[in-house]
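# model the following, please.
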Amino acid sequence: MTGSANCPNSVPLGVLKNAMPLKIKPPQKIDAQGRVIKNPRIRAHRWRINIPASITCRRKERKFFESEAAAKDYTVGLLAARQEVGQDMVKKLRAKGMSVTEALEYAILHAPVAGKPVSLKQACADYITMREDLNSKTRYIANLESQFKAIQEDLGPATMIDAISKAKLEEFILGMTGKDGDTPASPKSRINYIITLIALFNFAVEQGWRGENPAAKLKRPKLDEVEIPILSPEDAQKLLTEARKPEYADIFPAVLVQVFAGPRRSEIPHITWALFKDRYLRLDKTKIRKKRAVELSDNLLAWLAPFRSRTGRIFAPEGVEFNPKDTRNLEDSYTYRLAEVAEAAKVALPKNVLRHTAITYRDAFTGDLTGTAAWAGNTPIVIEENYRGAATRDDALKVYAIMP
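Numbers count the residues shown, from 1 in each chain. Next up, the predicted model:
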């Protein structure tokens, strides 16, 4: 008997017979009467069996026999031995609550990979380099660096990327804390890290550093339903009345645009007066890198009329450098100045409230879900789930009645 019976890839006999039958080939040299021509210098006169590598688990083998009966006996014995091994494996799998298919899937996922494993630190560095080569935004790269730093501090930078299990990642996600280091991290923060981990380990699989992605099946926490904050028509009026004062001349046009046209805070630094064309604001630099034209309301056109002859950016504070690839300093400056206006006007301004205000009243006024989504650079489902019904059309009419 050959060592094939102990092959780790052994399968039940039924599977073997259907997939790879062993053929017994007759002698090649016979005389006119059908008798075997014996030639001691060649083996062509003997019965033979070709055993494929899928059975030997090594390389193809050829066996020779003096008679057909001997060849058949060998074949029966070989298949019986393999059947016995296969049945024994099936019993062991059943004891573990697994089927043959499940075991094969698991083996494929956890089989050794061709590429040489690298450390977590090296994998993170290579992933960042790849994203930089793809021209990812500076803000995104900075966020990756911050997340990878936290991940490496917890899992260890020298840990090999193929040694990190799903359990380890779950432990890291559950142990995350907020900026104070004491309170648990928010569900949104945990989700953001899970998204990053999935991307990192997908990259590791693509590079051949491991066979599967342990982050792929991490459970994402449920987000609490939070009502989108908006300004009432009265608060919008109070804010603009304060913002139009001379001491806020640097920020006033930007506030007008955000209240009525709803660009994102990250889009404000890129807006120049040249982008205003007739009734539209053409946004070239957006969050999703997709240009969009924002139709301007009648009252916003009236507010902006005195400024339309200007050039340059609508928000350009002194002493703050404009870097088109990284506008965080300008965004922070805008947020700071806006907070000063709100404090003076005694109006509360939750995060992103001006954009939420603009989108909510636009949808309430037009009733056009798809049109509002395109106007805001969003999807209809986002508009429906977060903005629809948050204000009435009468409220929108009051907002659009706010004139210079």
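# tell me, how many residues neighbour the nearest residue to Arg337 once chain neighbours are set aside?
Distances taken as C-beta to C-beta, 6 or more residues apart in numbering place Ile251 nearest to Arg337, at 4.6 Å, with adjacent residues excluded. For every residue, glycine as well, the C-beta is placed using N, CA and C. Neighbour count of Ile251, defined by other C-beta atoms under 10 Å: 22.
# so for Ile251, what's the pLDDT?
Predicted confidence (pLDDT) for Ile251: 96.
# the one 5 residues further on now?
Model confidence at Leu256, given as pLDDT, is 97.
# who's in contact with it?
Leu240, Ala243, Leu300, Trp303, Leu304 (C-beta atoms under 8 Å, 6 or more residues apart in numbering).
# one more time with 7 Å, if that's ok
Leu256 is in contact with Leu300, Trp303, Leu304, counting by C-beta atoms under 7 Å, 6 or more residues apart in numbering.
# what does the residue nearest to Arg337 show for phi and psi?
Main-chain dihedrals, Ile251, degrees, to the nearest 10: phi -110, psi -10.
# can you pull the contacts of it?
Shown in contact with Ile251 (C-beta under 7 Å, 6+ apart): Ala243, Phe315, Tyr334, Arg337, Leu338, Val341.
# do the same with His356
Applying C-beta under 7 Å, 6+ apart, one finds that His356 lies in contact with Ile228, Pro229, Ile230.
# what element comes up after the helix or strand hosting it heading to the C-terminus?
Using DSSP states H and E, the element containing His356 is helix 353-366. Going down the chain from helix 353-366, the next helix or strand is helix 369-376, by DSSP H and E.
# what is that following helix packed up against?
Applying 3 or more C-beta pairs under 7 Å, 6 or more residues apart in numbering; DSSP states H and E, one finds that helix 369-376 contacts strand 292-295, helix 353-366, helix 380-386.
# so the longest one versus helix 369-376, what angle?
Pointing back at helix 353-366 there. Relative orientation of helix 353-366 versus helix 369-376 (axes from the mean of the first three to the mean of the last three C-alpha atoms, to 10 degrees): 150 degrees.
# Pro52: neighbour count?
Pro52 has 11 neighbouring residues, counting by other C-beta under 10 Å.
# my guess is it contacts Lys60, does it?
Yes: with contact defined as C-beta atoms under 7 Å, Pro52 reaches Lys60; the gap is 5.7 Å.
# quick check: buried residues in stretch 126-140?
Asp126, Tyr127, Ile128, Arg131 (16 or more other C-beta atoms under 10 Å).
# I'd guessed the third one sits against Ile141; true?
Yes: between Ile128 and Ile141 a contact is recorded at 6.3 Å, counting by C-beta under 7 Å.
# quick check: mean pLDDT across the helix holding His356?
Per-residue pLDDT over helix 353-366 has a mean of 96.
# in that helix, what counts as buried?
Using 16+ other C-beta under 10 Å as the test for burial, helix 353-366 gives 353-365.
# right, and the helix or strand after the host helix or strand of Ala70?
Ala70 is part of helix 68-95 when elements are defined by DSSP H and E. Toward the C-terminus, helix 68-95 is succeeded by helix 100-110 as the next helix or strand (DSSP H and E).
# run through who's touching the next helix or strand along the chain from that following helix.
Later in the chain than helix 100-110, the nearest helix or strand by DSSP H and E is helix 120-133. Helix 120-133 is contacted by residues 141, 144-145, 148, 152, 155-159, 161, 164, 200, 203-204, 209 when judged by C-beta under 7 Å, 6+ apart.
# go on, stretch 357-372?
230-231, 236, 258-262, 375-376, 380, 383-384, 387-388, 390-393, 395-396, 399-400.
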